[in-house]
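Q: coordinates for the following, if possible.
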Amino acid sequence: MSFFKRYIAMPQQYGLFPYVWLLFLLFPIAYAFPFKTLRQQVIIGLVLIFVIAYRNSYVATTYRPFWLLLQMVVSAILAVIVQALYLSIYTAWVFGSIPMRRRSFWGYYGAYMLSILVPTLFLYYYYGGQMGRDDWVGLAVYGLFCILSPFAAGSIQRYNRKNRQLMQTNQRLTEIIKQNERQRIARDLHDNLGQSFSMITLKAEYARKLLAKKPDAVPEQLLAIEQASRQNLKMVREIVAGLRQTTIAEELINQERNLSVAGIILLTKDENQIEGLPQSNQQVLAQCLHEAVTNIIRYSHATECYVTFAQSATTFQMTIQDNGRGLKKADQFKSHGIAGMRERLEVIQGELTVDGRHGTTLTLTMPIATEVKND
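A: Now for the predicted structure:
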């Protein structure tokens, strides 16, 4: 396996594109079959050199210019011998996909255009008189494709790199959220519980000393210790309650991972609208989001999930939509998940509307001024 990765496989970051283009090599290989004559053997030899140069152009760094230029030369020769002009597109996708400086790109682009122009003029000299209108149209389309291919390859790879960077950023944000939560808990424990327990320790020591000298003063100290203990217990419950709360952003990170495993793409819009929303309300909406995504994964047969946020002067709205098979109106009242979401929203005076005609669309609306009251 290590031999395959080291000497044969393409770099993983380029995906399947480098392998897909290899299918076009079946044409010159078929042309050279059964490899008996010298001409056929030369053709298959050039194809092998071309494949090696093609693969190493992706992998090499120091010798990349050599492999790219070799690829251009071999593709030009094969274009003359077997009219395989399409092999030049291989080179276009290689140097178009590789991150490089603008000056280097235009240098390769000039050499690439030259490797196309020379065999094209040669073939025109010998076969131009036999070309009809359809041949000229096809040549024009092919020419435009060759000219634009490096830019298309660069655009696709930039998009893929941005996606990878976003995934890495999400992973970093997840770790940052966890670390911030640990620090918050440590700070709460140190600043609140630590100080309170120190006070309890001092009062207990003082009560022990009073027990021998002023026994009548001991109950007062024990009462203070009891009150401090109750306060600490309340504080612990508040910390635990804070641990159980989840923000909408955290839930989106978790659910994006779950949707990805199920083969569903998560797309969001206007996440900045979440800023300033009370934590207790976010907890309710995060629970509803969790329930909605669970239903999408289990029942919708969708491939995409859209979560949109909107805010007006008086209301906040979260819309969850999928492109699945939808939900019949009669089934909306049978769904325990939808019923649970409605019950949660009632706590914050919110409401839920369901549209199951084109996929399923859940619209959760709540007043901005409303906040969950903790007893």
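Q: who's sitting farthest from the centroid in this protein?
A: Within the chain, Lys213 marks the point farthest from the mean C-alpha position, 70.7 Å out by CA atoms, centre = their mean.
Q: the host helix or strand of Ile89: how far from the chain's middle?
A: Using DSSP states H and E, the element containing Ile89 is helix 88-97. Helix 88-97 has its average C-alpha position 26 Å from the chain's average C-alpha position, going by CA atoms, centre = their mean, to the nearest Å.
Q: what packs against it?
A: Here helix 88-97 touches helix 17-20, helix 38-59, helix 64-82, helix 102-127, helix 133-188, going by 3 or more CB pairs under 8 Å, 6 or more residues apart in numbering; DSSP states H and E. Backbone N, C-alpha and C define where each C-beta goes, glycine included.
Q: at 6 Å what do you get?
A: Counting contacts by 3 or more CB pairs under 6 Å, 6 or more residues apart in numbering; DSSP states H and E, helix 88-97 packs against helix 64-82, helix 102-127, helix 133-188.
Q: which one of the ones you listed is the most hemmed in?
A: When the helices and strands packed on helix 88-97 are scored by mean count of other CB atoms under 10 Å, the highest mean neighbour count falls to helix 64-82 (a mean of 20).
Q: state the mean pLDDT of it.
A: Taken as a whole, helix 64-82 has a mean pLDDT of 87.
Q: same check, this time on stretch 229-241
A: Averaged across stretch 229-241, the pLDDT comes to 71.
Q: and stretch 321-328, C-alpha only, in CSV?
A: As requested, the backbone C-alpha atoms of stretch 321-328 are provided in CSV (Å, rounded to 0.1, in the frame of the first residue of the first chain):
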residue,chain,number,x,y,z
GLN,A,321,-35.8,23.0,5.3
ASP,A,322,-34.8,19.8,3.4
ASN,A,323,-35.2,18.6,-0.1
GLY,A,324,-36.6,15.2,0.8
ARG,A,325,-39.9,13.5,0.2
GLY,A,326,-41.9,15.9,2.4
LEU,A,327,-44.4,15.4,5.1
LYS,A,328,-48.1,14.9,4.7
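Q: enumerate every residue touching the residue farthest from the centre of the chain.
A: With contacts taken as CB atoms under 6 Å, 6 or more residues apart in numbering, Lys213 has no neighbouring residues.
Q: returning to that earlier point: redo the helices and strands packed on helix 88-97 as CSV? Include distance to Gln227.
A: As requested, these are exported to CSV (distance: least, CB to CB, whole Å):
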stretch, distance to Gln227
helix 64-82, 75
helix 102-127, 72
helix 133-188, 20
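Q: Glu346: neighbour count?
A: Other residues lying near Glu346 total 12 when counted by other CB atoms under 10 Å.
Q: okay, it and Arg64: tell me how far apart.
A: Spatial separation of Glu346 from Arg64 under the definition CB to CB, to the nearest Å is 63 Å.
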